[in-house]
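Engineer: Show me how the following folds:
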Amino acid sequence: MRAKPIKVNGVVYESARAAARYIVEQEAKLGYVRKENTVHKELKRCWQGASWYMYERWLVSQVMIGVEAEALGPMAD
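Structural biologist: The predicted structure is shown next:
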């Protein structure tokens with residue numbers, strides 16, 4: 001299965017795993033212990049719908065690529 005890009009706080013990551021690594025690293029700097037696998041699973045399960053906040057800090061949204069963006073036209077941004 002091919003990794004799908006995901007956007008967290010306006011930054012596009014190549015996969016949910018890459019975004020999870022970043023979130024875990026940043027949460028640790030704030031003193032919170034998060035497990036990469038747990039964050040990864042949550043991102044994969046929840047990000048496919050509307051935008052949402054993880055831990056009240058991370059705005060997670062889907063990235064439209066290729067045909068998806070073309071189908072919506074120029075207002076897709």
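
Engineer: what about the strands in this structure?
Structural biologist: Counting by DSSP state E, one finds strands in the chain at the ranges 6-8, 11-13, 52-54, 58-62.

Engineer: Pull up the pairing partners for the first one, direction included.
Structural biologist: What it means is strand 6-8. strand 11-13 (antiparallel), strand 58-62 (antiparallel) (DSSP bridges).

Engineer: Make JSON lines from these and add mean neighbour count, distance to R45 and mean pLDDT to it.
Structural biologist: To be clear about C-beta, it is placed using only N, CA and C from the backbone, and glycine gets the same treatment. Below are the strands paired with strand 6-8 laid out as JSON lines (neighbours: other CB atoms under 10 Å; distance: least, CB to CB, whole Å; pLDDT from 0 to 100):
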{"stretch": "strand 11-13", "mean neighbour count": "14", "distance to R45": "16", "mean pLDDT": "96"}
{"stretch": "strand 58-62", "mean neighbour count": "16", "distance to R45": "11", "mean pLDDT": "92"}
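
Engineer: Dump these to CSV, plus distance to C46.
Structural biologist: Below are the strands paired with strand 6-8 laid out as CSV (distance: least, CB to CB, whole Å):
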stretch, distance to C46
strand 11-13, 15
strand 58-62, 7
